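Peer 1: have a look at this prediction, sequence included:
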Amino acid sequence: MKKILLIHGPNLNLLGEREPGIYGRDSMASINAEVVDKCQKNGMECVVFQSNSEGAIIDRIHAAREDCDAIILNAGAYTHYSIAIRDAIAAVRLPVVEVHLSNVYAREEFRHVSVIGPVCAGVIAGFGKNSYLLAVDAVKGLLA
């Protein structure tokens, strides 16, 4: 069975409370439950990891080499400036789908740049929690 790692970056533990007009009212727990359920229905296992720490995210990406087949990653604000996370993604050689709840291109200019996007298999943004669910479809296709 293929194993998917879902990583949530900084401040995503506050989903449902933090700026619901931008990020929606769904909690991280409810999004996780839907992603895990969709993975199971598609014959995949999903493990979830969240950290506000760049180093912890990098460590988990590195560990994924040993226990995962693909990664769905919402790196939050790290998307826009973490060369270290970008390098970790490039180093592990696993398919990674970058995900964002909001349409980052309709927001502040600094959010228009993703330093991790060029080393990801693809980017899905702007569909709220459905961005994560679409990423499950993308990963399934990448692993077929």
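Peer 2: Okay, I see it.
Peer 1: okay, now G126: neighbour count?
Peer 2: The number of residues packed near G126 is 14, by other Cβ atoms under 10 Å. Heads up, the C-betas are built off the backbone N, CA and C, glycines and all.
Peer 1: can you list phi and psi of it for me?
Peer 2: Main-chain torsions, G126, degrees, to the nearest 10: phi 100, psi 0.
Peer 1: so it makes contact with S102?
Peer 2: Yes. Counting by Cβ atoms under 8 Å, G126 does reach S102; the two are 6.3 Å apart.
Peer 1: in the chain, what helix or strand scores lowest on average pLDDT?
Peer 2: The helix or strand of the chain with the poorest confidence is helix 20-23; it has a mean of 80 (mean pLDDT, DSSP states H and E).
Peer 1: how about residues contacting it?
Peer 2: For helix 20-23, contacts defined as Cβ atoms under 8 Å, 6 or more residues apart in numbering pick out L15, L101, S102, R107, G128.
Peer 1: centre of the chain to that helix, how far?
Peer 2: Helix 20-23 has its C-alpha centroid displaced from the chain centroid by 17 Å (Cα atoms, centre = their mean, to the nearest Å).
Peer 1: check which helices and strands the helix or strand following it sits against.
Peer 2: As assigned by DSSP states H and E, the chain's next helix or strand after helix 20-23 is helix 28-41. Packed against helix 28-41 by the contact rule (3 or more Cβ pairs under 8 Å, 6 or more residues apart in numbering; DSSP states H and E) you find strand 2-8, strand 44-50, helix 130-143.
Peer 1: got the buried residues for helix 28-41?
Peer 2: By 16 or more other Cβ atoms under 10 Å, the buried positions in helix 28-41 come out as M28, I31, N32, E34, V35, V36, K38, C39.
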